[in-house]
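Engineer: Below are the sequence and a predicted model; questions follow.
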Amino acid sequence: MEKLAYAIIGASMAVVVMTLIPMSRAPNAPVSPDIGKATMDIASVPGAMQAHRHPPRDVSAELPQPSVTHLVFPDVMGGYNVQILPLRFKFTPAAINHASKDNEGHAHIYVNGVKIARVYSNWYHLSGTSLVPGENEVRVTLNANDHSAWSVNGVPISSTVKVFIPEATP
């Protein structure tokens, strides 16, 4: 339990530091006046996952309940790295689309309520264009092999981090 408390405190501190330190860029690299202003109508993208939902799947009551937290770090080469820190959960990419087993599966990443990707390990690189100026919500859910969201009493097992992106200055 003490390790979990340290992980949560560390994650909170990382988020605060990330919002205070601007993302590095190469010296003399051109800065577009439209940086951070990109918009896209996700409905126009073939295969878009904005309405992609899976029902919750409760973890067996007799087993330890998995949990998850995650960190979001600026990447000096652009975008953000997401570190997913599950407890009592095993990533099983080879079992995707097979029968679900308790406390196994993969993760889904959502940005501002839109599903961005499936994740089969502890790390994911999030494109910088996925976040908009202002407050962004990056959420990670734990999912079974059939893509249903693992849950406890119908509440999905997830972690949410808020990431603030400053407005571009002219």
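Structural biologist: Cool, the structure landed.
Engineer: Hmm, Asn103 and Pro64 touching each other?
Structural biologist: Yes - using CB atoms under 8 Å, Pro64 is in contact with Asn103, at 7.3 Å. To be clear about C-beta, it is placed using only N, CA and C from the backbone, and glycine gets the same treatment.
Engineer: Can you give me the pLDDT of the closest residue to Lys90 other than its chain neighbours?
Structural biologist: Nearest non-adjacent residue to Lys90, counting by CB to CB, 6 or more residues apart in numbering: Glu104, 4.9 Å away. For Glu104, the model assigns a pLDDT of 96.
Engineer: where along this structure do the strands fall?
Structural biologist: Listed in chain order, the strands of the chain (DSSP state E) span 56-58, 67-74, 80-87, 90-91, 104-111, 114-119, 123-126, 134-143, 149-152, 155-156, 158-165.
Engineer: is Ser151 in a bridge, and if so with what?
Structural biologist: Taking DSSP bridges as the rule, Ser151 bridges to Asp58, Pro156.
Engineer: sorry, back to before: give the intersection of the neighbour lists for Pro64 and Asn103.
Structural biologist: Arg88 (CB atoms under 8 Å, 6 or more residues apart in numbering).
Engineer: more crowded one of these two?
Structural biologist: Taking other CB atoms under 10 Å, Pro64 and Asn103 do not tie; Asn103 has more neighbours (19 against 12).
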